[in-house]
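**Q** sharing a model prediction with you, sequence too.
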Amino acid sequence: MLFTETVLTISSKRACSSQLFAKFIASRSISNIDDTTYHCSDGSRPEIRQKKISGVLGAASSVTSIQVANLLRLFKIPQVSFFSTSPELSNKQRFEYFLRTVPSDINQAQAMVEIIKLLNWTYVSVIYEESNYGVKAFEVLEDLLAKNGICLAVKEKLTKDSGVANENVYDHIVNKLLSKPNARGVIIFGSDQEVAQVMRAVKRNNATGYFSWIGSDGWSARNLVSDGNELEVEGTISIQPKANPVPGFDEYFLGLTPQNNFRNPWFIEYWEYYFKCKWPQSQITPYNQLYTRKCSGKEEMSYANGYEPEKQLQFVSDAVLTFGFAFKAMHKDLCQGKPGICTQMLPIDGNLLLKYLKRVSFVGLSGDKFEFTSNGDGPVRYNLIHFKQTEPNQFQWINVGTYEDDRLNLDLNKVQFHLSNREIPVSVCSLQCNKGQAKKYIEGENCCWHCFDCTKYQILITETRCSDCPNGYLPNEEKLSCIQIPEEYVKADSFIALFAIGFSVIGILFTLFVIYVFLKYIDTPVVRASGRELSFVLLIGLTMCFSLTFILLLKPSDIICGVQQLSIGISFAIIYSAILTQSNRIFRIFTSGKKSAKRPNFISPKSQLIICFILVLTQLIFLLLWFAFSPPKAINIYLKREDNQLICASNLTDSYFIAFIYPIVLIVICTVYAILTRKIPEAFNESKHIGFTMYTTCIIWLAFVPIYFTTKTNITLNLTTMSIAINFSATVTLICLFTPKIYIILLHPERNIRQSLMPFTKYGSMRKHCSNVATNSTFKTELAIPTNG
């Protein structure tokens, strides 16, 4: 018991969802209650104290509650509704004295959006009734749909407050829905009478089974909607404020009869409607005048003859209990536990009562805990129910989930939109584009588009825009990002590269063999006569040339490119500087021998090395100056769209050939010396070997230069051609200048003596030409190598 010695009285007024009745209730409730009908048990008149209404319960309709709340706020009277769900009533600047035990439709709209998101629908239609309930809910729903990227295909209003619509109006609404065939999901925010008309229009227009409905609490689980329209309603997912049965209410209500329920002035009217009979001496109404049978009063309500309890009575009982617990707390604080209503509570202060109402917290008759939210709304608790065909032609509403505290729990395994097809209907304007496709939106439609392919080398940077990948990159499989093409460069695994490597290895081995032989026989006449110092310089240069192949096949980098350019220029400079120094020495010896017996200057080994060093240093300075103005750099080139070749920049710009300019000049000068010394006596055939070397080298380079310039687009061929040309040049030099010496040293050691090198009898002309030249033995042996005995 809330109170033991105090009774709460209620004055009930019939509203019937009418604004006019609401005004009537407000005007009568604000005035004092008429107590003239009260009598004591002995028949005397009681002593009456006029009492002002302390609070108002109701109404059910949001429209009625708004009208009442606008009046009650003037008199600071709290109001608690049990069914009004309009979002407008959450505005506490307008309705500060309004509370309710049901959640606001804002939460219902949010639950609908969460369901749509779970079903992966992005294109839906909305039908809402022309009332505060429907219009305000639609405003919230439209905003939530937009925020979640869900588009509206059709939005239609059901006639409600302005009158009654005929069938043509409902047919028009269904045809509008059919005009957007991709929007198969439809939200209906309305009441049962209007939604029933929509379902009949669906049947008339042969659209049964086409749409999937999301329903509001205004028509969910209402027989008026589903009876006769089962196939049209099938698959509906609807939302209801979560309510549990009130224990004992059904037993109490089924025991009521007109004979024992005098206090309810509308019970006789309900009895007449339930049993389709007219109660004796009841007032004529538009309904009971159609009944011919008289009520006996012995009829009994039961589940068997159609009794179906109101499933949301919990909100009514909670509304009553909020006032009970608020008055109890107020009485405890103000009356200090004294029985009855103390003077501190009279008259009831509306602001104070509102304060106590907002604080109530209790477990209701249904077993659920109740507290008002910060906006004065009921707890956010919804059941999700589903109209399902369990067996052919057997339909029922089943519970498939809940929505509580902004969390959706929907069991899709229980959801079946059609008996013949368990798949979730697709409700999208346009299907998602495939990989590598962009969207082109249809004008005026945010969820409708055409898909077009990005090109082969484009990625999708936004859903509507493709962009080319930069050179050296290709789209990934999803065409969402660019990935770098693996860099290609000359590698040692190609046939032509392997050939060049094999050539170089043989050249290096043979050069090392010559060095070994020369070192072993360093003091023999043949080695001494060839000019030991310059020969070793020449052999070092040849080794460097043969080694260039390995440098050319390294992965390009700025350092590697510099090493390549430097080593090519220096190695050739060493070779041809040594040959030029030797050719110049021979030429000067025989030229001066014709004119004078004086020994020419700078023909000693030391002088020859210095001259050779100066010639090589010139090339080094030239290369360093070139590097200063054009630093070596590794770059990527893209000869084809799917190529990504890593090369040295000098390969592409012909500047690589700058390294050959100075060696070519040396080659030309050496060739000139070879021509000038071609008539030297046969015993001095070193000049002939040099001449043959230079002639062959010129031929090689004349063939190489055009090949080099015509293969620039094929880097592998270009570099391997260069490597082979370098190897050929080195090989020619090695064979022409050193093979005859190795031949004598190893196969004919009998010729490797001083006498063999100076056959004066056979070569008398040499004495004639060189009679005035000093006869130092060392000097002689460094002049000639005979071709035969």
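**A** Arrived safely, thanks for sending.

**Q** what's the helix or strand harbouring D143 packed up against?
**A** According to DSSP states H and E, D143 maps onto helix 132-147. Judged by 3 or more C-beta pairs under 8 Å, 6 or more residues apart in numbering; DSSP states H and E, helix 132-147 is in contact with helix 62-72, helix 105-118, strand 123-129, strand 151-158, strand 185-189. From N, CA and C alone the C-beta is placed, and that goes for glycine too.

**Q** next secondary structure after the first one?
**A** Note on helix 62-72: by DSSP H and E, the next helix or strand toward the C-terminus is strand 79-81.

**Q** what's in contact with that following strand?
**A** Strand 79-81 has contacts (C-beta atoms under 8 Å, 6 or more residues apart in numbering) with 55-60, 65, 68-69, 72, 89, 97-102, 319, 322-323, 357.

**Q** same thing with stretch 300-320?
**A** Residues outside stretch 300-320 that contact it (C-beta under 8 Å, 6+ apart): 57-58, 80-83, 100-102, 221, 223, 240-241, 243-246, 249-250, 253-254, 256, 274, 364-366, 368, 370, 378.

**Q** now do 7 Å
**A** 57, 80, 82-83, 101-102, 241, 243-244, 246, 249-250, 254, 274, 364-366, 368, 370, 378 (C-beta atoms under 7 Å, 6 or more residues apart in numbering).

**Q** and what of stretch 491-498?
**A** Stretch 491-498 is contacted from outside by 490, 501, 553, 716, 720, using C-beta under 7 Å, 6+ apart.

**Q** farthest-apart pair in those, please.
**A** Farthest-apart pair in these is I501 and T716; separation 13.4 Å (C-beta to C-beta).

**Q** restricted to helices, list the contacts of stretch 300-320.
**A** Among the contacts of stretch 300-320, the residues falling in helices (DSSP state H) are 249-250, 254, 274.

**Q** what's the closest of those residues to G337?
**A** Nearest to G337, judged by C-beta to C-beta, of those is F249 at 32.0 Å.

**Q** which stretches of the chain have low pLDDT?
**A** For the chain, applying pLDDT under 70 flags the ranges 1-41, 43-52, 593-599, 602, 654, 680-685, 754-789.

**Q** closest one to Q416 out of the contacts of stretch 491-498, please.
**A** Proximity of the contacts of stretch 491-498 to Q416 (C-beta to C-beta) peaks at T716, which lies at 65.9 Å.

**Q** and the gap between the closest one and E533?
**A** Separation of T716 from E533 (C-beta to C-beta, to the nearest Å): 39 Å.

**Q** who has more neighbours out of those two?
**A** Regarding T716 and E533, a neighbour count based on other C-beta atoms under 10 Å identifies T716 as having more, with 18 against 15.

**Q** that one against V490, yeah?
**A** Yes: counting by C-beta atoms under 7 Å, V490 is a contact partner of T716 at 5.0 Å.

**Q** residue closest to the middle of this structure?
**A** Centroid-nearest residue in the chain: L480, 8.0 Å away (criterion: C-alpha atoms, centre = their mean).

**Q** is it in a helix, a strand, or coil?
**A** Classification of L480 by DSSP: H, G, I helix; E, B strand; the rest coil places it in coil.

**Q** that one and T462 touch, don't they?
**A** No: taking C-beta under 7 Å as the definition, L480 is not a contact partner of T462, at 11.0 Å.

**Q** thinking again about what came up before, what about the contacts of strand 79-81, which are in strands?
**A** Counting by DSSP state E, the contacts of strand 79-81 place 56-57, 98-100 in strands.

**Q** got JSON lines for the residues you listed, with neighbour count and distance to L231 too?
**A** Shown next, in JSON lines, are those (neighbours: other C-beta atoms under 10 Å; distance: C-beta to C-beta, whole Å):
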{"residue": "V56", "neighbour count": "25", "distance to L231": "43"}
{"residue": "L57", "neighbour count": "16", "distance to L231": "40"}
{"residue": "F98", "neighbour count": "27", "distance to L231": "41"}
{"residue": "L99", "neighbour count": "26", "distance to L231": "41"}
{"residue": "R100", "neighbour count": "30", "distance to L231": "36"}
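
**Q** closest to K688 among these?
**A** Taking C-beta to C-beta as the measure, K688 sits nearest to R100 out of the ones in strands among the contacts of strand 79-81, at 119.6 Å.

**Q** and that closest one, what are its bridge partners?
**A** Here R100 sits in beta bridges with S81, going by DSSP bridges.

**Q** longest helix of the protein?
**A** The residue-count maximum for a helix in the chain (DSSP H) belongs to helix 558-595.

**Q** so who does the residue nearest to D171 when sequence neighbours are not counted touch?
**A** Closest residue to D171 apart from its sequence neighbours, by C-beta to C-beta, 6 or more residues apart in numbering: A201 at 5.1 Å. Shown in contact with A201 (C-beta under 7 Å, 6+ apart): 167, 170-171, 173-174.

**Q** from those, which land in helices?
**A** Per DSSP H, the subset of those in helices is 167, 170-171, 173-174.

**Q** looking at those residues, which is nearest A196?
**A** Y170 (9.8 Å).

**Q** measure that closest one to G163 for me?
**A** Using C-beta to C-beta, Y170 is found at 14 Å from G163.

**Q** between the two, which has more neighbouring residues?
**A** When neighbours are counted by other C-beta under 10 Å, Y170 and G163 differ, and Y170 comes out ahead with 24 against 8.

**Q** report the separation between the spatially closest residue to that one that is not a sequence neighbour and N168.
**A** Once flanking residues are discounted, Y170 sits nearest to A201: 3.7 Å by C-beta to C-beta, 6+ apart. Distance of A201 to N168, given as C-beta to C-beta: 9 Å.

**Q** repeat for Q389
**A** Going from Q389 to N168 by C-beta to C-beta gives 30 Å.

**Q** compare those two (neighbour count), which wins?
**A** Comparing Q389 with N168 by other C-beta under 10 Å, the one with more neighbours is Q389, at 18 against 9.

**Q** helix/strand/coil for the more buried one?
**A** strand.

**Q** could you find the closest non-adjacent residue to it?
**A** Nearest residue to Q389, sequence neighbours excluded (C-beta to C-beta, 6+ apart): L419, at 4.3 Å.

**Q** you'd agree the one you found is up against E391?
**A** No: look at L419 against E391 with C-beta under 7 Å: they stay out of range, at 8.2 Å.

**Q** who's more crowded, the two?
**A** Using other C-beta under 10 Å as the criterion, L419 and E391 rank with L419 on top: 18 against 8.

**Q** domain-wise, how is this protein divided?
**A** For the chain, automatic domain parsing gives the domain ranges 1-33+51-102+311-367, 105-242+381-414, 437-484, 533-781.

**Q** now the first one, how far from the chain's geometric center?
**A** The reference is to domain 1-33+51-102+311-367. On the basis of C-alpha atoms, centre = their mean, to the nearest Å, domain 1-33+51-102+311-367 sits 53 Å off its chain's mean C-alpha point.

**Q** just give me the closest of the contacts of A201 to I150.
**A** Nearest to I150 out of the contacts of A201 is I173 (C-beta to C-beta; 20.3 Å).

**Q** summarise which helices and strands the helix or strand just after the longest helix of the chain is packed against.
**A** Toward the C-terminus, helix 558-595 is succeeded by helix 605-629 as the next helix or strand (DSSP H and E). When contacts are defined as 3 or more C-beta pairs under 7 Å, 6 or more residues apart in numbering; DSSP states H and E, helix 605-629 sits against helix 532-552, helix 558-595, helix 658-676.

**Q** pick the most buried one from the helices and strands packed on helix 132-147.
**A** strand 185-189 (a mean of 27; mean count of other C-beta atoms under 10 Å).

**Q** just the angle between that strand and helix 105-118, please?
**A** Relative orientation of strand 185-189 and helix 105-118, computed by axes from the mean of the first three to the mean of the last three C-alpha atoms, to 10 degrees: 170 degrees.

**Q** how close does the residue nearest to D171 sit to G185?
**A** With C-beta to C-beta as the criterion, A201 and G185 are 18 Å apart.
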